[in-house]
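> Here is a sequence together with a model predicted from it:
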Amino acid sequence: MNSKFYLFLALLLCGLRMSAQESVFFAPDPANARWSYIEQDAAGNPVAEIFYSVDRMSGDAVNGSVRLRLQRVKSSSPQDTLKSVVFYRFKDGEYMVDMGAIFEEEVLGEIIDSATKDDGDQISEEKKDEAVRKMQSQIKISGEIRGIPRYPKVGKLPDYEFQMKFSIVNMKVSGEQRKISRVEKLSTPAGTFDCFVLEETITTRAMMQKDVEKTISWYAHGIGLVKEASYDKDGNLQSSTVLNRINW
């Protein structure tokens, strides 16, 4: 075989490796993604099941954003159901919460529609647009809430700080002492996964209140969050969420 063939083979293998790397991200396949978690109290008793599904996605899981539908069903009273939307963002493959998306025009409009519907009122599009603009003028956001990088390594991760001001409300969220502590297998009702374990201390300050908790989160490529456990400042387990089902 001549040198041109070996060059072609090397380029092909390189391309295959790059293609495989591009498919590595911490999220389910958005084409058919549907998954749920069991929320548990400190004693391990089920409190609720939380269902997620992809509502809309732009870009991809390397650089893009996704809007998820959330439905939380209480274990003690299934008729007591909370419906909402949540937003995530991918920045160079890092999976993180997108707080800014909550205050976009479309989302604020949906919130106003929902509030007026619950009150039995109707609001014109003109008045709704005016209310949205007024709300947006009062909102100031800085920083970001960091997640897990696309290719984690055991060791320290950058800290972060996110701040939001809305009218008289001032909220600050800080993530500190962040690290990937280990890689391990974790078994859940949804299966067994190879996970990266993210540990961090999250401090939330809002309305003259301060809350400090340590979280340990297990993430798997192609899945996202598999489990999360929250502890108080004294190290006592407060609650946990565990992946229950995926793409059923």
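It's in.

> Neighbours of Thr188, how many?
Close neighbours of Thr188, defined as other C-beta atoms under 10 Å, add up to 20. In this view, the C-beta of every residue, glycine as well, is placed from N, C-alpha and C.

> and it, bridged to which residues?
Gly191 (DSSP bridges).

> quick one: contacts for it?
If you count contacts by C-beta atoms under 8 Å, 6 or more residues apart in numbering, Thr188 has them with Val226, Lys227, Val242, Leu243, Asn244.

> from memory the second one sits against Leu186, does it?
It stands for Lys227. Yes. With contact defined as C-beta atoms under 8 Å, Lys227 reaches Leu186; the gap is 6.1 Å.

> Who has more neighbours out of these two?
Under the neighbour definition other C-beta under 10 Å, Lys227 and Leu186 were set side by side, and Lys227 has more, 21 against 17.

> got the residue ranges for the helices in this protein?
Counting by DSSP state H, the segments of the chain that form helices are 3-22, 105-118, 125-137.

> What score does Lys140 have for pLDDT?
As predicted, Lys140 sits at a pLDDT of 89.

> can you pull the contacts of it?
Residues counted as contacts of Lys140 (C-beta under 8 Å, 6+ apart) are Met164, Lys165, Phe166.

> follow-up on the earlier one: name the residues contacting each of Lys227 and Leu186.
Here Lys227 and Leu186 share the contacting residues Cys195, Trp218, scored by C-beta under 8 Å, 6+ apart.

> hmm, back to that, kindly reformat the contacts of Thr188 as a markdown table containing distance to Arg150.
Output for the contacts of Thr188, formatted as a markdown table (distance: C-beta to C-beta, whole Å):
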| residue | distance to Arg150 |
| --- | --- |
| Val226 | 17 |
| Lys227 | 20 |
| Val242 | 24 |
| Leu243 | 20 |
| Asn244 | 25 |
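
> With distance to Ala131 and pLDDT as new columns, can the residues you listed be given to me in TSV?
Listed next are the contacts of Thr188 as TSV, based on distance: C-beta to C-beta, whole Å; pLDDT from 0 to 100:
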residue	distance to Ala131	pLDDT
Val226	40	96
Lys227	40	98
Val242	40	98
Leu243	38	97
Asn244	38	97
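
> So which of those residues wins on neighbours?
Val226 (26 neighbours).

> and the gap between it and Ala206?
Remark: distance between Val226 and Ala206 (C-beta to C-beta, to the nearest Å) = 29 Å.

> wait, isn't Arg205 in contact with Met171?
Yes. Arg205 is within contact range of Met171, at 6.9 Å (criterion: C-beta under 8 Å).

> Any stretches of this structure with poor pLDDT?
For the chain, applying pLDDT under 70 flags the ranges 1-24, 29-32, 105, 115, 117-120.

> For Ile74, give me its contacts.
If you look again at residue 74, you'll see it is Lys, not Ile. Contacts of Lys74 by C-beta under 8 Å, 6+ apart are Val47, Ala48, Asp80, Thr81.

> Would you confirm that the second one contacts Gln71?
No. Here Ala48 does not reach Gln71: they are 9.9 Å apart, not a contact under C-beta under 8 Å.

> Looking at those two, which one has more neighbours?
Neighbour count, other C-beta under 10 Å: between Ala48 and Gln71, Ala48 has more, with 21 against 15.

> Can you give me every residue that contacts the more buried one?
Per C-beta under 8 Å, 6+ apart, neighbours of Ala48: Ile38, Glu39, Arg72, Val73, Lys74, Ser75.

> cool, and Lys91?
Asn63.

> so how far is Gln136 from it?
Separation of Lys91 from Gln136 (C-beta to C-beta) stands at 23 Å.
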